[in-house]
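Novice: Next come a sequence and a model predicted from it.
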Amino acid sequence: MKIVRFLLGLLLPPLGVFLTVGVGPTLLINILLTLLGWLPGSIHAIWVIAKHEERMNTERRIY
């Protein structure tokens, strides 16, 4: 599922962000960045997805 989110973040940035964090300010920021251009939206989406994965891995290590 992680790879699918990264691919969607690259191809359809708002969808990748939505599947990662749901509806919220992060999704709205990504939609605005995508409207400005595909590249800013994709960069933001990949960053959001990577940070979410990093946070999930960190939480799993805490006992």
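Specialist: Okay, I see it.

Novice: Please make it C-alpha for all contacts and neighbour counts, starting now.
Specialist: Noted.

Novice: any idea how far I29 is from P13?
Specialist: 11 Å (CA to CA, to the nearest Å).

Novice: who's more crowded, the two?
Specialist: Each of I29 and P13 has its neighbours counted (other CA atoms under 10 Å); P13 has more, 27 against 15.

Novice: contacting residues for that one?
Specialist: 30-31, 34, 38, 41-42, 44-46 (CA atoms under 8 Å, 6 or more residues apart in numbering).

Novice: Just among the residues you listed, which is most surrounded?
Specialist: A45 (34 neighbours).

Novice: Is it correct that that one is in contact with F18?
Specialist: No: at 9.4 Å, A45 does not count as touching F18 under the criterion of CA atoms under 8 Å.

Novice: got the phi/psi numbers for G24?
Specialist: phi 170, psi -170 (degrees, to the nearest 10).

Novice: Could you tell me how many residues sit around it?
Specialist: Residues contacting G24 under the criterion other CA under 10 Å number 10.

Novice: Enumerate every residue touching it.
Specialist: Counted by CA under 8 Å, 6+ apart, G24 has zero contacts.

Novice: and what of L11?
Specialist: Neighbours of L11 in contact, by CA under 8 Å, 6+ apart: S42.

Novice: Make residue 1 into 354 and carry on from there
Specialist: Taking 354 as the first residue, the last one we looked at is L364.

Novice: Report pLDDT for it.
Specialist: Reading off the per-residue confidence, L364 sits at a pLDDT of 93.

Novice: and what of L388?
Specialist: L388 is given a pLDDT of 96.

Novice: same thing with K355?
Specialist: 82.

Novice: And for G375?
Specialist: Listed pLDDT for G375 reads 92.

Novice: Repeat that for I415.
Specialist: So I415 comes in at 64 (pLDDT).

Novice: could you pull out the helices for the protein?
Specialist: 355-364, 366-374, 378-389, 391-414 (DSSP state H).

Novice: And the longest one, how far out from the chain middle?
Specialist: Using CA atoms, centre = their mean, to the nearest Å, we find the averaged C-alpha position of helix 391-414 to lie 5 Å away from the chain's own average C-alpha position.
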